[in-house]
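Asks: The following block contains a protein sequence and its predicted model.
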Amino acid sequence: MKKLITNLKNYQSSIKLVFFLSVSMIVILELGKLIKTISIADIKNGLSQLTPFSIVIMFVLGICALIPMLFFDIILNQEIKSKHSLVYILETSWIINSINNLVGFAGLVDIGLRYSFYSEDDKASDSMQGISKVIPFFITGLSFLSLLTFLLIFCFPTSPSIEKFWIVLLGASLYLPVVLYISGHPKLKFFGQLARKRQLQLIMASTLDWLVISGFFTLIGRFLDLEVPLYNLIPLFFISMILGMVSMIPGGLGSFDLIMTAGLVNLGYATDQVLTWILLFRFFYYVIPFVIGGLLFFKQMGGKLNDNYLGMPKTIGHIVLQNGIVFFLRVFGYFMILSALIPEEIAGMKWLAGLNPIQGHLLWQFPSILLGSLFFLLARFVKRQLAISYPLAIGLFLTTIIYINLGNLAIPTTVLLGLAFLMVIIIKKQLNRQVFIYSWEDKTRDALVFMATFVTFFSVGGKVLIHAFPKLNQVQFNYFLFYWLHLFFLAFILVAVYQLVIRRASRKKWLIGQSFDKERYQALLERFKVQSSDASLAFLGDKRLFWYRNHDEDCLVFQFAVKNNKCIVMGEPIGDKSMIEEGLSAFIKEAKLNNMKVVFYEVGQETTLALHEFGYEFIKFGETAHVNLSQFSLEGRKGKKFRTIVNKIDHKGYQFEVVKPPFSEAFLEELNLISEDWLQGRQEKGYSVGFFDKAYLQLAPIAIVRREDGSIIAFTNLLPTNSKEESSVDLMRYYTDQSQNGIMDFLFIKLFLYFKEEGVAYFDLGMAPLANVGNKDNSFLQEKIAYLIFAFSTRFYSFGGLRQYKQKFSPEWSARYIVYPKTTWLLYDLLAIYQVESSKIKDCSQSCIQKIK
């Protein structure tokens, strides 16, 4: 128990937050359950049997019946010496008892709410001890009254059908002495050590509580002219309550009803009268106090939670409200369109009958279709929190209200729209974003909604279409053609208005990241001794950079390209790895303000796990290979295959050489010819790999292979970010007639030996995309999709044999991932990556561009 109290102290604030949120959900769910299970018609029928005066009396007495329970919490706060005011105690006690009556959860709600409301931060142990002492006494009154009832059933002519349950009353009566024994135990800090005076107060309060409850139930029967003898009714009531509690069902719902109904019917009362009696008891004693308690709960906890927990409840409330508005706008727009397409069907719904005041020809119902479509679009804008949502909402709501009231007044619909607009006003401060990008996901969703609308039209209201169009044998062809021209014209107007609003919302362009700044970037690399191969790709200038700064200093940078509404980040964040979470948070937040999503491509496990904390999903996309140069050698059995390759090339008189910059124009032109021959007229690939660019090649040494005559037949450029820890190369190109001569193997082997002599620890062989991805029976569906997309859509670089080729050098493999937000569709994320990878390179050297042309 001490360990439990220590944990409660450590996590007190979190426990209270979770508990309050849980109770909030329980209250909401229970209200929904009550709406479904309690028949309004049955309540009306029951109330119709009462006079208005009786109804008022029952309402007042139902509320008063809960008052004795309030003494429990007054006594509890005296026991724990709390500083809460009497008003606070009474209000919270009402909340606790009214909710617990209906949703007890075996006392969890009872104990949890009292701990949350009354415990103080520095007295968690005292609070739990006080609660443990007081809680057991809440049903001591029932135990005491059960003892009295047990004795009375043998003194009065109680029905044998009730008397046979005497064992239930006797068992319940034993509860009181057990509690008194435990409560008075001097060695029990929990449940024990309660003063006799406090015990007596609690027993009296509990006895009064159960007397009032049973009296209220009896009184309802009297109001219904059901005068059951008390010597039968009271024992039956307590027996039903006890068995209901034993069933562990909140409030004894079900068990109490069943036993009480069976008992009264057995006494000769009509089933419908008994059910009405129980229903009215439930309604006035449980439901009405529960509704009042629920309202008090949200009032009490709303401000408290918001102040204590960094405004989280307010934020959650705004999110719920925003999603509620979006849902309403979509549903309302849906019915606006259907009111024009199938007016006969919609007219049957009273609350929607006023949506389309012009019940005439389909052509004249066009405004409903247009307004409904704009409501769909407004929902999209509100979802993206666009500032344009508010002025658009003003115009759209005003126009719609005027339109639906052109015929008869549509008061219910007008009120509904007014309430919806009020909700828009409440979230106005959230509608502060300026950038709108109509994402592929949003277009697909909206298209599906429109398709569903018209499918509904054709399936439900197909007959309207038949009657709407004139029959060919009754009209001239010119009239028929004129009719269809009108339809196409109206469709054109609809699309034009829709596109006009989208263009208006899309005027502001995204502002995220900066173009490549070489000096600033190199300063960051030098400051943090960056050793990542991916860092060299930024020098290509085909990506934007997002800088994360701390104390006015550059700490981290992300290189990315933009496609649709997605920022496709290439590789790992570059810079201070200790700031990765802060950098990710800043980038994601900046993208969110621009209504963009950030997708990470080819990142390692550490970054993937960090992003998972931000709610990201991930799939494995491939593996990257690193050769341990300290273990690489041409000697021995393992090196035999490499010696053979080197000796074969050496015998041809080929020579390996590393040339350092700056390079002459003639030298680069010679390399360009090799590159063009290797490309075979195909487009350069960029983004995640380098491309032939003279400025880029000037940044680092270039390894070449020469023939005996000195001409170059192959080359590869070393990365500008190479270090002693890790080095690599980018382009590796050669004349295609040399591909069968093992020139590529020769280059790699010579590079390994060169870097080993330079003291480099590892050589990065680069990615093997799709290596061990989606090719197993139990692979994730997302990985199988990725495999299919890239395996069948890659037009230039073949990924299939990369892993097998690199495996010959016995590298160490590590996984690389695509990490994407949950709110995006993986299919479109992969499509965006593919398009970025396949984008036409704009920064090639002029000679390269001319040659490709």
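Replies: Perfect, I can see it now. Residues are numbered from 1 along each chain as shown.
Asks: what's the single longest strand in the protein?
Replies: strand 616-628 (DSSP state E).
Asks: Which neighbouring elements make contact with it?
Replies: On a contact count with 3 or more Cβ pairs under 8 Å, 6 or more residues apart in numbering; DSSP states H and E, strand 616-628 meets strand 597-603, helix 605-612, strand 762-769, helix 781-793, helix 802-807, strand 812-821. Bear in mind the C-beta positions are built from the backbone N, C-alpha and C, glycine included.
Asks: Run the chain-centre distance for the helix or strand that contains Asp272.
Replies: In this structure, Asp272 sits in helix 271-281 according to DSSP states H and E. Taking Cα atoms, centre = their mean, to the nearest Å, the mean C-alpha location of helix 271-281 is offset from the chain mean by 44 Å.
Asks: Just list the residues touching the residue sitting furthest away from the middle of the chain, thanks.
Replies: For the chain, the residue at maximal distance from the C-alpha centroid (Cα atoms, centre = their mean) is Asp709, at 65.8 Å. Contacts for Asp709 (Cβ atoms under 8 Å, 6 or more residues apart in numbering) come out as none.
Asks: quick check, it in a helix?
Replies: No. Read with DSSP: H, G, I helix; E, B strand; the rest coil, Asp709 is coil and lies in no helix.
Asks: Next, count neighbours for Val449.
Replies: By the criterion of other Cβ atoms under 10 Å, Val449 has 16 neighbours.
Asks: Surely it is in a strand?
Replies: No. Looking at Val449 with three-state DSSP, it is helix, so not inside a strand.
Asks: so it makes contact with Tyr334?
Replies: Yes. In this structure, Val449 is within contact of Tyr334 by Cβ atoms under 8 Å, at 7.3 Å.
Asks: Now do the shared contacts for those two.
Replies: Phe376.
Asks: thinking again about what came up before, who wins for proximity to Phe137 among the helices and strands packed on strand 616-628?
Replies: When the helices and strands packed on strand 616-628 are compared by Cβ to Cβ, helix 605-612 sits nearest Phe137, at 48.4 Å.
Asks: in the closest one, what counts as buried?
Replies: The neighbour-count check on helix 605-612 (16 or more other Cβ atoms under 10 Å) flags Thr607, Thr608, Ala610, Leu611 as buried.
Asks: show me the contacts for Glu657.
Replies: Ala703, Ile704, Val705, Arg706.
Asks: let's see 10 Å
Replies: By Cβ atoms under 10 Å, 6 or more residues apart in numbering, the contact set of Glu657 is Pro701, Ile702, Ala703, Ile704, Val705, Arg706, Ile712, Phe715, Lys750, Tyr754.
Asks: now Leu321
Replies: Leu321 makes contact with Met423, Val424, Ile426, Ile427, Gln430, according to Cβ under 10 Å, 6+ apart.
Asks: let's see it at 6 Å
Replies: By Cβ atoms under 6 Å, 6 or more residues apart in numbering, Leu321 lies in contact with Met423, Ile427.
Asks: Quick one, grab the pLDDT at it.
Replies: At Leu321, the model reports a pLDDT of 83.
Asks: do Phe799 as well
Replies: The score at Phe799 is 57. That number is its pLDDT.
Asks: Then Ser845?
Replies: Looking at Ser845, its pLDDT is 37.
Asks: Going forward, the N-terminal residue is numbered 40.
Replies: Noted, 40 is the first residue going forward, which turns the last one into Ser884.
Asks: coming back round to it: mind putting the contacts of Glu696 into TSV with neighbour count?
Replies: Converted to TSV, the contacts of Glu696 look like this (neighbours: other Cβ atoms under 10 Å):
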residue	neighbour count
Pro740	20
Ile741	22
Ala742	19
Ile743	21
Val744	20
Arg745	16
Ile751	19
Phe754	25
Lys789	21
Tyr793	19
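Asks: circling back: can I get the longest strand of the chain in CSV, CA atoms only?
Replies: Listed next in CSV are the C-alpha coordinates belonging to strand 655-667 (Å, rounded to 0.1, in the frame of the first residue of the first chain):
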residue,chain,number,x,y,z
TYR,A,655,4.3,9.0,-37.6
GLU,A,656,4.0,5.6,-39.3
PHE,A,657,6.9,3.9,-41.1
ILE,A,658,7.8,1.2,-43.5
LYS,A,659,11.1,-0.4,-44.3
PHE,A,660,12.3,0.8,-47.7
GLY,A,661,15.7,-0.9,-48.1
GLU,A,662,19.1,-1.4,-46.6
THR,A,663,22.4,0.5,-46.7
ALA,A,664,25.7,-1.2,-46.8
HIS,A,665,29.0,-0.3,-45.1
VAL,A,666,32.3,-2.1,-45.7
ASN,A,667,34.6,-2.4,-42.7
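Asks: Let me see the mean pLDDT of it.
Replies: On average, strand 655-667 scores 90.
Asks: Looking at the record's assignment, how would you partition this structure?
Replies: Structural domains annotated on the chain: 41-349, 357-544, as defined by automatic domain parsing.
Asks: From the contacts of Glu696, which land in strands?
Replies: Judged by DSSP E, strands contain the following of these: Ile741, Ala742, Ile743, Val744, Arg745, Ile751, Phe754.
Asks: Max pairwise distance over those residues: which two?
Replies: Put simply, by Cβ to Cβ the two of the ones in strands among the contacts of Glu696 set farthest apart are Ile741 and Arg745, 12.2 Å from each other.
Asks: quick one on the thing from earlier: wait, which of the buried residues of helix 644-651 is closest to Leu563?
Replies: Looking across the buried residues of helix 644-651 and measuring by Cβ to Cβ, the closest to Leu563 is Thr646, at 17.5 Å.
Asks: Dump the C-alpha coordinates for stretch 732-746 into CSV.
Replies: What follows is stretch 732-746, C-alpha atoms only, in CSV (Å, rounded to 0.1, in the frame of the first residue of the first chain):
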residue,chain,number,x,y,z
ASP,A,732,27.2,18.8,-62.8
LYS,A,733,30.5,20.5,-63.2
ALA,A,734,30.2,22.8,-60.2
TYR,A,735,29.3,19.8,-58.1
LEU,A,736,32.3,17.8,-59.3
GLN,A,737,34.7,20.6,-58.4
LEU,A,738,33.9,20.1,-54.7
ALA,A,739,35.9,16.9,-54.1
PRO,A,740,38.6,14.6,-55.7
ILE,A,741,37.6,12.3,-58.6
ALA,A,742,38.9,8.7,-59.0
ILE,A,743,39.5,7.7,-62.6
VAL,A,744,40.7,4.6,-64.5
ARG,A,745,43.0,5.3,-67.5
ARG,A,746,44.0,3.1,-70.4
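Asks: Nothing else from me, thank you.
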